[in-house]
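> Kindly return the folded structure for what I paste below:
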Amino acid sequence: MNLTPQIRRSVLNLIAKRSGFRCLHGNLLTTAQDFIISNEVLSVLETVNPMEDALEKIAPFLSCEIVSDVLREQRRPELGFRFFIWATRRRSFCSRDSRNLVMDMLVKDGGFDTYWKILEELKNSNIQMHSPTFTVLIEAYAKSGLAEKAMESFGRMKDFDCKPDVHTYNSILHVMVQKEVFLLALAVYNQMLKLDYNPNRSTFVILIHGFCKNGKTDDALKVFDEMTQKGIPPNTEIYTVILSSMCKAKRTRTDDVHRLLNTMMASGCYLDSITRNVVLDGFCKLGQMDEAFALLQLFEKEGYVLGLKGYSSLIHGLFKANRYDEVPVWLKKMLKAGVEPDVVLYTILIRGYCRVDMVDHALNTYNEMTQRGLSPDTYCYNALMKGFCDKGLLDKAQSLLLEISKKTDCFPTSSTYTILICGMCRNGLLDEARQIFNQMENLGCSPSIITFNALIDGLCKAGQLEEACHLFYKMEIAKNPSLFLRLSQGSERVMDPASLQAMVERLCESGLILNAYKLLMLLAADSGVVPDITTYNILINGFCKAKSIDCAYMLFKDLQIKGHFPDAVTYGTLIDGLYRVDRHEDASRVFDHMVKNGCTPSSAVYKSLMTWLCRKGKLSVAFSLWLEYLTSRLPPGQEDETLKLAKEHFEKGKLEEAVRCLLEMNLKLKNLDIAVYTIWLIGLCQARKSDEALKIFHVLKEQQVDVTPPSCVMLINGLSKDGNLEMAVDIFLYTLEKRFMLRPRICNQLFRSLLSQDKRKTVFVLIKRMGSAGYDLDEYLHPPISNVWNKQEINHVGIFQ
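The predicted model follows:
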């Protein structure tokens, strides 16, 4: 746009007269030209109604900078809003600056009402509106903490014949993720895809960040895969977020983490210090310290320098991997590198030493920290307090609570009191636990769900189920059951995650997004402390242990009606309880229900099933069941050669070889679960197959795996009944070597069997060995063994002489 000399002089005069006009930079002609256009727009806004046709005439001369300038100068919000809505017709007129200016106007008193009034006027005038009109409204509501209004705005777009674009979808997805209504976020995302909108990088970043932040790693990985399939390459930030979430997930395989890390490096993404710290910390959290150290060497070759966070992760990992003897070495390296410890690292040390029963070390570490001038925070106090409670040093724990209460820079939290309550319950001090629980609110600290669960658990373990139920119902008062009752009735019942997701999808497809949001928020309502799935699991376990299986079954049904979803612990506890009262068919039905509802049975569930199958003499079924579980843990389409070989040995009846294969596989992968082998060994003994059980014993011993005391007891008992006393004695000597303290009954039973076979000298040698191993012979030896022992002068003799 060219300005004549006359106009140029007019501009300079206007600039001189206009008060508060911003300082001019750069080319005076261009700035003056913008100034004239800006004034022309302001004049149109003030004098022309409706303004849209007049604005169209000067549109070719506008820019996003002029739009922002007009919004900044306009003092009447209704005119500014209408101008902005007109400007959204052209993407080039919109900028972050103009959106921020409009949001500032919206959040002021009456801004939202004025905006809606303008929208209604435009609708009645048949003036077309565009997606940024509502995007800015959604973001302003979100900025004001009015998430429900944001949902309503998105849902009302269709009333104004305005279709959302990808930026609008991103804005509403961001709100949903912030409010943790993930079912709704996924439903809206799926709706976006069905309507042929192409998600951009921001869409995926919003979803991945949200899912990872809330521990929904599987959902985040699905979104990640979709992102790559759509040709959008992940950046360093996204890879880092995903890797961090994978490492925090309970069931993550280290191979999967390695695979993603290698993909990241192969794609050319730069591993910055944040990513390296995240990966190191992840492997340490998984307890995979060899992998962590290997990665550290690789990173250091590339110039990475280990800092305080890195050292803290390694030390935490060493404790988790039970390699605490290496901790002092890394502390020395850290200090030598000039890295000073902070309260977080000291807390890791204190917690670590307490977990390995080295409370004295923990206390010394605490004293060292204070001598360095560092002030412990609540987390640090809680770590030491838990160590005291676990050790039974409740007086010291209470003294520590008193110390925290006197401080001004930190104060007891619900976790502090929960630790004490757990300690009291564990040591049988239920009255003291109740007293602390009742005093919490008076002390300005409301009990959390974990606190309630701790006390309910203590009451259940003490057999006080009636009081535990009373506390449970006290929690339930806060929850309005009418919503769950409504959802669980009718043709579209909501009884599990899949049916709830289907309902949310239907509401979204019908444009009732606000209804879906309100539904999910009501389900998540937390007006007070209400029972969670852990609470139900504790009570179900209490009823099962008390053989009140009908009460447990009723709770199992009740929790589903009230919007909770059973987890692997719920199913496992109920299955075990049903087996205990010989309701095997009901247990099988619960297992089928578990699989049907998409809840993957945990190893604990399989072990429970195997235990009861073995007791029923169904050893082959029990062994096959575990092979089925191991196969289910493999990635789809992948087969493990060792596992395949174990199956072949088992099918040929070569149990010893099958067990050897599985044991070697466990030791190689460092995921040995001795409970599995204990179940099989005891099951074989119960089936009077002591010779087969003995083979498993020797395989375990050969691989330097400690056989459990219950297994040894069952072997001694079975071998004695079979007349194989020589091997029974060998097993007993093994227990003495391992410092296992067996119960008097099995010891006397073995000695009676030996005496019946005239193995008196063998008995004397074993009793003498028992005394050397720390057994109290006066308490352990029962008649007639004690009578024989007291009458004899013991000489050193060989076994079976």
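> on contacts alone, who are the packing partners of the biggest helix by length in the chain?
Ranked by residue count under DSSP state H, the longest helix found in the chain is helix 28-47. The contact analysis (3 or more CB pairs under 8 Å, 6 or more residues apart in numbering; DSSP states H and E) places helix 28-47 against helix 5-17, helix 52-58, helix 64-73, helix 77-87. Heads up, the C-betas are built off the backbone N, CA and C, glycines and all.
> buried residues in that helix?
Buried residues in helix 28-47, counted by 16 or more other CB atoms under 10 Å: 31-42, 44-45.
> Next: stretch 138-146.
138-142, 146.
> Would you convert the residues you listed into CSV that also reports secondary structure?
Converted to CSV, those look like this (DSSP: H, G, I helix; E, B strand; the rest coil):
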residue, secondary structure
Ile138, helix
Glu139, helix
Ala140, helix
Tyr141, helix
Ala142, helix
Leu146, coil
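> Which parts of the stretch 701-801 of the chain are helices?
Along the stretch 701-801 of the chain, counting by DSSP state H, counting those that start in this stretch, helices occupy 709-721, 725-737, 744-756, 760-772, 777-780, 785-791.
> now the buried residues of stretch 138-146 as a markdown table including distance to Leu578 and pLDDT?
A markdown table is the format used below for the buried residues of stretch 138-146 (distance: CB to CB, whole Å; pLDDT from 0 to 100):
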| residue | distance to Leu578 | pLDDT |
| --- | --- | --- |
| Ile138 | 50 | 90 |
| Glu139 | 53 | 90 |
| Ala140 | 55 | 90 |
| Tyr141 | 50 | 89 |
| Ala142 | 48 | 88 |
| Leu146 | 49 | 89 |
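> Could you save the buried residues of helix 28-47 as a markdown table and add columns showing pLDDT and distance to Lys391?
Below are the buried residues of helix 28-47 laid out as a markdown table (pLDDT from 0 to 100; distance: CB to CB, whole Å):
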| residue | pLDDT | distance to Lys391 |
| --- | --- | --- |
| Thr31 | 64 | 76 |
| Ala32 | 71 | 81 |
| Gln33 | 75 | 80 |
| Asp34 | 76 | 75 |
| Phe35 | 79 | 77 |
| Ile36 | 81 | 81 |
| Ile37 | 82 | 78 |
| Ser38 | 82 | 75 |
| Asn39 | 85 | 79 |
| Glu40 | 84 | 81 |
| Val41 | 84 | 76 |
| Leu42 | 86 | 76 |
| Val44 | 84 | 79 |
| Leu45 | 83 | 75 |
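> where along the stretch 551-700 of the chain do the helices fall?
Using DSSP H, counting those that start in this stretch, the helices found in the stretch 551-700 of the chain span residues 568-580, 584-596, 603-615, 619-632, 641-651, 655-669, 674-686, 690-702.
> right, and these - which one's nearest Arg745?
helix 674-686 (15.7 Å; CB to CB).
> quick one, the closest one and helix 603-615 angle?
On the basis of axes from the mean of the first three to the mean of the last three CA atoms, to 10 degrees, helix 674-686 is oriented at 10 degrees to helix 603-615.
> Can you name the residues in contact with helix 674-686?
607, 610-611, 613-615, 617, 619, 622-623, 626, 659, 663, 690, 692-693, 696-697, 700, 705-708, 710-711, 714-715, 717-718 (CB atoms under 8 Å, 6 or more residues apart in numbering).
> Go through it and flag the buried ones.
Buried-residue list, helix 674-686, by 16+ other CB under 10 Å: 674, 676-686.
> Show me which of the residues you listed is closest to Arg72.
Out of the buried residues of helix 674-686, the member with the shortest distance to Arg72 (by CB to CB) is Val676, at 71.0 Å.
> Just say helix, strand or coil for the residue nearest in space to the middle of the chain.
Nearest to the mean C-alpha position of the chain, by CA atoms, centre = their mean, lies Gly215 at 4.8 Å. On the three-state scheme (three-state DSSP), Gly215 is labelled coil.
> State the distance from it to Ser244.
The gap separating Gly215 from Ser244 is 11 Å, by CB to CB, to the nearest Å.
> what's the answer for Glu120, then?
46 Å.
> Compare neighbour counts for the two and give me the winner.
Shown here are Glu120 and Ser244; by other CB atoms under 10 Å, Ser244 has more neighbours (20 against 12).
> Name the nearest residue to Arg90, ignoring sequence neighbours.
The shortest distance from Arg90 to any non-neighbouring residue, by CB to CB, 6 or more residues apart in numbering, is to Ala59 (7.2 Å).
> I should have written Thr236 there, sorry.
Closest to Thr236 by CB to CB, 6+ apart is Cys269, at 5.0 Å.
> The one you found: neighbour count?
Applying other CB under 10 Å, I find that Cys269 has 18 neighbouring residues.
> What does it show for phi and psi?
phi -70, psi 140 (degrees, to the nearest 10).
> Report the contact partners of it.
234-236, 239.
> Out of those residues, which two sit at the greatest distance?
Greatest spacing in the contacts of Cys269, by CB to CB: Pro234 and Thr236 (8.3 Å).
> more neighbours, the two?
Pro234 (22 against 15).
> ok now do the more buried one, which residues does it touch?
224, 227-228, 242, 264, 267, 269.
> okay if I get those residues as TSV plus secondary structure and distance to Asn364?
Output for these, formatted as TSV (DSSP: H, G, I helix; E, B strand; the rest coil; distance: CB to CB, whole Å):
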residue	secondary structure	distance to Asn364
Phe224	helix	45
Met227	helix	50
Thr228	helix	51
Ile242	helix	40
Met264	helix	42
Ser267	coil	48
Cys269	coil	44
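> what number of residues lie near Phe751?
Neighbours of Phe751 under the rule other CB under 10 Å: 27.
> sorry, back to before: do I have it right that the residue nearest to Arg90 meets Ser92?
No: proximity of Ala59 to Ser92 does not meet the contact threshold set by CB atoms under 8 Å, at 10.2 Å.
> quick one: which of the two has more around it?
Ala59 (14 against 10).
> How confident was the prediction at that one?
Looking at Ala59, its pLDDT is 84.
> Dump stretch 176-188 to PDB, keeping only the CA atoms.
Only the C-alpha atoms of stretch 176-188 are listed here, as PDB (Å, rounded to 0.1, in the frame of the first residue of the first chain):
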ATOM      1  CA  MET A 176      -9.500 -33.800  29.400                       C
ATOM      2  CA  VAL A 177      -6.000 -35.100  30.100                       C
ATOM      3  CA  GLN A 178      -5.500 -32.500  32.800                       C
ATOM      4  CA  LYS A 179      -8.700 -33.600  34.400                       C
ATOM      5  CA  GLU A 180      -7.700 -37.300  34.000                       C
ATOM      6  CA  VAL A 181     -10.800 -38.300  32.100                       C
ATOM      7  CA  PHE A 182      -8.900 -40.600  29.900                       C
ATOM      8  CA  LEU A 183     -11.800 -42.600  28.600                       C
ATOM      9  CA  LEU A 184     -13.300 -39.400  27.300                       C
ATOM     10  CA  ALA A 185     -10.000 -38.300  25.800                       C
ATOM     11  CA  LEU A 186      -9.700 -41.500  23.900                       C
ATOM     12  CA  ALA A 187     -13.400 -41.300  22.800                       C
ATOM     13  CA  VAL A 188     -12.900 -37.800  21.400                       C
END
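> Could you tell me how far that stretch lies from the centre of the chain?
On the basis of CA atoms, centre = their mean, to the nearest Å, stretch 176-188 sits 18 Å off its chain's mean C-alpha point.
> buried residues in it?
With burial defined by 16+ other CB under 10 Å, the residues of stretch 176-188 counted as buried are 176-177, 179-188.
> same question for that stretch, mean pLDDT?
The model assigns stretch 176-188 a mean pLDDT of 81.
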